[in-house]
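**Student:** Output the structure for:
(one chain, ligands or ions: 3)
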Amino acid sequence: MSKVQGRLRIAVQKSGRLAERSLDLIRNAGLRVIKGNNDLLYKVENAPVDLLRVRDDDIPTFVADGVCDLGIVGENVLEEARNGGPLAEVVMPLGFGRCTLKIAAPESLPWDGPASLNGLRLATSYPRILGRWLAENGVEAGVITMRGAVEVAPRLKLASAICDLVSTGATLEANGLVPLDTVFESQAVLIRSPQPVEEALESLLENLITRIGGVVASQD
Ligand code: PRP
Ligand code: ZN
Ligand code: MG
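**Tutor:** Ligands and ions are numbered 1, 2, ... in the order given. Here you go, the predicted structure:
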């Protein structure tokens, strides 16, 4: 997807836990967002800015590659996408979308700390973050990657435990799972591309970041 000359692009989650708050933040920063004729692209009336509405998992690479200049994404997604070096620069934490990546398992699993996972298999959508945590804790466990429905893995005997995002805890509870340990704490962050923006848009970009910062500060 090539960029339109003369317009900034912000990548936001199309639907999911960050979608609504991301739009609110952009609106509160003074941008009048209007729906375009397709669902993927929202336009801003009062500035040359487009919102690209995509899956959260695609946001880090879009911003890293310069397809989008800014993005709003969970630290969990950003961290999982990072493979070695940094992908995109984190401009600021945004104070919403807080959730925690946790180890959870059926109550019947004996738990005496991370070592209890030795020799077991875990299901997760975050194999890199989990793999690092297991290594840091000296645990040797199998990891099965699932794109979704991770919480059903123990019931299907696909895994003994899971590593998944917990926000209210309702999903764990509904599936008879108890949280056991914290792997990663996350919230939404504003990220910017390492690729330079065209000169005519530089001041708009800086101005926008300043205004977003103002909105976030006022919500503390
Ligand atoms: C996460 C996680 C659980 C749910 C937990 O999914 O996978 O399904 O949130 O939230 P709760 O503790 O409030 O019940 P999410 O919707 O973030 O992303 P996904 O669609 O990529 O699984
Ligand atoms: Zn996702
Ligand atoms: Mg889910």
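
**Student:** residues from this structure in reach of ligand 1?
**Tutor:** Within the chain, the positions near ligand 1 by C-beta under 6 Å from any ligand atom are 16-17, 148, 150, 164-171. Using the backbone N, CA and C atoms, a C-beta is placed for each residue, glycine as well.

**Student:** Identify the residues contacting stretch 97-105?
**Tutor:** 17-18, 21, 74, 76, 111, 114, 117, 122, 126, 129-130, 154, 160-167, 172, 177-188 (C-beta atoms under 8 Å, 6 or more residues apart in numbering).

**Student:** Which ones among the residues you listed lie within helices?
**Tutor:** Among the contacts of stretch 97-105, the members found in helices (DSSP state H) are 21, 76, 129-130, 172.

**Student:** Could you find the closest non-adjacent residue to the most centrally placed residue in the chain?
**Tutor:** For the chain, the residue sitting closest to the mean C-alpha position, by C-alpha atoms, centre = their mean, is residue 74 at 2.5 Å. Leaving aside its sequence neighbours, residue 74 sits nearest to residue 186 (C-beta to C-beta, 6 or more residues apart in numbering; 5.2 Å).

**Student:** Ok, residue 27 next?
**Tutor:** residue 33 is the one closest to residue 27 (C-beta to C-beta, 6+ apart), at 5.9 Å.

**Student:** Residue 160 contacts residue 111, doesn't it?
**Tutor:** No - between residue 160 and residue 111 there is no contact under C-beta atoms under 8 Å: 11.1 Å.

**Student:** anything in stretch 181-188 near ligand 2?
**Tutor:** No - using C-beta under 5 Å from the ion, we find that stretch 181-188 stays clear of ligand 2, coming within 12.1 Å at best.

**Student:** what's the distance between that stretch and the middle of its chain?
**Tutor:** 11 Å (C-alpha atoms, centre = their mean, to the nearest Å).

**Student:** Tally up the residues packed near residue 73, please.
**Tutor:** Residue 73 has 30 neighbouring residues, counting by other C-beta atoms under 10 Å.

**Student:** Hmm, it is touching residue 58, no?
**Tutor:** No - with contact defined as C-beta under 8 Å, residue 73 does not count as touching residue 58 (9.4 Å).

**Student:** Need the residues touching each of these two.
**Tutor:** In terms of C-beta under 8 Å, 6+ apart, residue 73 and residue 58 are both contacted by the residues residue 11.

**Student:** Measure how buried the residue nearest to residue 74 is and give me the count.
**Tutor:** By other C-beta under 10 Å, 21 other residues sit near residue 186.

**Student:** Give the full set of residues in contact with it.
**Tutor:** For residue 186, the contacting residues are 74-76, 79, 97-101, 165, by C-beta under 8 Å, 6+ apart.

**Student:** Would you point out the most distant pair within the residues you listed?
**Tutor:** By the measure C-beta to C-beta, 79 and 98 form the most distant pair in the contacts of residue 186, at 14.6 Å.

**Student:** name the element residue 63 belongs to?
**Tutor:** Assigned by DSSP states H and E, residue 63 belongs to helix 59-64.

**Student:** Would you indicate which residues of that helix are buried?
**Tutor:** 59-60, 62-64 (16 or more other C-beta atoms under 10 Å).

**Student:** Nothing else from me, thank you.
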